[in-house]
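> just the structure for this:
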Amino acid sequence: MRALTWHGKHDVRMETVPDPEILNPRDAIIRITSTAICGSDLHLYDAYIPTLEKGDILGHEFMGVVEDVGPKSSLRKGQRVVVPFTISCGQCFHCSKQQYSACENGNPVENQELGQTLYGEPMSGLFGYTHLTGGYPGGQAEYVRVPFSDVGPIVIPDGVPDEDVLFLSDILPTGWMAAENADIEPGDTVAVWGCGPVGLFAVQSAFKLGAHRVIAIDHFPHRLELAAKFGAETINFEQTDTYEALMEMTGGIGPDAVIDAVGLEAHGLFVDNVVDQVKASTFLGTDRPHALRQAIVACRKGGRVSIPGVYGGLLDKFPAGAMMEKGLTVKTGQTHVQRYTARLLEMIGEGELDTTFLISHRLTLEQAPEGYRMFHDEQDSCTKVVLKPGLELA
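Below is the predicted model of the structure:
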């Protein structure tokens, strides 16, 4: 089959690789009909996340048609399914608490030691990411093997277009959980750093969960326009001091809740961010947490901090004092996708959530390397790339 493989920083290639096979009784083989490039994939593209190996197949946002099943799969051949990016067994301690992204069995034992060393516990299994998360082949391919297929995939009703539901695989539930983690109360003002895909879904979700005001912060004009279409007030951090603007907009109190949808590669010519970039380039540091620092400092006393943005290492100059003295509540973590898919699918079907607004480019699978380049280099105009195996080249 054809698949997108990683070979180093900014080097991804379409190659012919072996077809996946059923390995365990709960497996299923999915023929991919739509797959997307995620902002988290750009961390791999930039070689920020360790333990990726040359030839690894990328992609964790995908859906398709069931081609084959193991004897203990609950799926049937021919069904259309969306597959969560988290690989969860459904039976361990954490899965029993619906903490699916903390599953104890999704990551094979041979890949758990490094995560245990770095984070105190092994990471859970994820599709198409790194060997920290199991080394599973991803879905930017013609076919993919899905472990625990009786737990993760959600069957899509006939007649529902791929593009309406594709983002149930990751970014829609991630944006929803980000807003849920903000513990929004009626009348709240919520500030969202980053108007990429997750940030935009967090904006939409925050309103759905009862926020009175949402303030979206970014520097790409088109992304800010998209946030404004959902009713958000906007701040362009290249034109306005974000902290001062937030204080003015909230009467000097600060937002009730803040959401960091940026993560470890914050942009902007700020002193702390420049220092972070120098440290990262000289191997004296890892992440660039400018947005998180700013969010913590801006949040009102007694407020809530939600962090859906990906972080992978150690943070320098972390405002722990502000967090403690202001009495902030912090919630973060990989998304428990399976907890939310049924409810979100229902909301999509009832027209309560819009998902297709985000798609700016539809490419063939063979055009995936160009899709990565565009998503990386043209982030204002390229808001989301969907790849379609079998789509004729334009």
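> for the residue positioned nearest the centre of the chain, which non-adjacent residue is spatially closest?
Geometric centre of the chain, nearest residue: residue 171, 4.9 Å, by Cα atoms, centre = their mean. Spatially, and ignoring its direct neighbours in sequence, residue 171 is nearest to residue 197 (4.6 Å; Cβ to Cβ, 6 or more residues apart in numbering). For glycine as for every other residue, the C-beta is placed from the backbone atoms N, C-alpha and C.
> contacting residues around the residue nearest to the centre of the chain?
38, 61, 197, 198, 201 (Cβ atoms under 8 Å, 6 or more residues apart in numbering).
> list the contacts for the second one?
If a contact means Cβ under 8 Å, 6+ apart, then residue 61 has 35, 36, 37, 38, 85, 139, 166, 167, 169, 170, 171 as its contacts.
> tell me if I'm right that the fifth one and residue 337 touch.
Yep, that's residue 85 we're talking about. Yes - because the distance of 6.5 Å satisfies Cβ atoms under 8 Å, residue 85 is recorded as touching residue 337.
> what is in contact with these two at once?
Both residue 85 and residue 337 are contacted by 169, 170, under the criterion Cβ under 8 Å, 6+ apart.
> can you give me phi and psi for residue 97?
phi -100, psi 10 (degrees, to the nearest 10).
> how many neighbours does it have?
The number of residues packed near residue 97 is 11, by other Cβ atoms under 10 Å.
> going along the chain, name the strands of the stretch 151-300 of the chain.
For the stretch 151-300 of the chain, the strands defined by DSSP state E, counting those that start in this stretch occupy 154-155, 189-193, 213-218, 233-236, 257-260.
> as CSV, these with mean neighbour count and mean pLDDT would be great.
Formatted as CSV, the strands of the stretch 151-300 of the chain follow (neighbours: other Cβ atoms under 10 Å; pLDDT from 0 to 100):
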stretch, mean neighbour count, mean pLDDT
strand 154-155, 16, 97
strand 189-193, 30, 98
strand 213-218, 26, 98
strand 233-236, 19, 98
strand 257-260, 30, 98
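> quick one: contacts for the nearest residue to residue 168 once chain neighbours are set aside?
Distances taken as Cβ to Cβ, 6+ apart place residue 82 nearest to residue 168, at 4.6 Å, with adjacent residues excluded. Residue 82 sits next to 63, 153, 154, 156, 165, 166, 168, 169, 341 when contact means Cβ under 8 Å, 6+ apart.
> export the helix or strand hosting residue 82 as CSV, just CAs?
Per DSSP states H and E: residue 82 is located in strand 80-83. What follows is strand 80-83 as a C-alpha-only set of coordinates in CSV (Å, rounded to 0.1, in the frame of the first residue of the first chain):
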residue,chain,number,x,y,z
ARG,A,80,-17.9,3.3,7.9
VAL,A,81,-16.1,4.3,11.1
VAL,A,82,-14.2,7.2,12.6
VAL,A,83,-11.2,6.0,14.7
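> give the rounded mean pLDDT of whichever helix or strand comes after it.
Next helix or strand after strand 80-83 toward the C-terminus (DSSP H and E): strand 86-87. Mean pLDDT, strand 86-87: 96.
> what sits up against strand 86-87?
Counting by Cβ under 8 Å, 6+ apart, residues outside strand 86-87 touching it are 100-101, 103, 106-107, 124-127, 134, 136, 147-148, 152, 334-338.
> can you tell me which of the residues you listed are in strands?
Under the assignment DSSP state E, the contacts of strand 86-87 contribute 125, 126 to strands.
> among the contacts of strand 86-87, which are in helices?
337, 338 (DSSP state H).
> what's the local residue count around residue 187?
With other Cβ under 10 Å as criterion, residue 187 counts 10.
> that one - nearest residue in space that isn't next to it in sequence?
Nearest one to residue 187, counting by Cβ to Cβ, 6+ apart, is residue 212 at 4.8 Å.
> residue 45 too?
Nearest residue to residue 45, sequence neighbours excluded (Cβ to Cβ, 6+ apart): residue 372, at 5.5 Å.
> residues near that neighbour, how many?
When neighbours are counted by other Cβ under 10 Å, residue 372 comes out with 23.
> ok, it - contacts?
Shown in contact with residue 372 (Cβ under 8 Å, 6+ apart): 12, 37, 41, 42, 45, 385.
> what of residue 115?
107, 121, 122, 123, 132, 133 are the contacts of residue 115 under Cβ under 8 Å, 6+ apart.
> can you rerun that using 10 Å?
Residues near residue 115 by Cβ atoms under 10 Å, 6 or more residues apart in numbering: 51, 107, 121, 122, 123, 124, 130, 131, 132, 133, 134.
> span of stretch 198-216 from start to end?
One end of stretch 198-216 to the other measures 12 Å (Cα to Cα, to the nearest Å).
> I meant to write stretch 161-176 there.
End residues of stretch 161-176 are separated by 21 Å (Cα to Cα).
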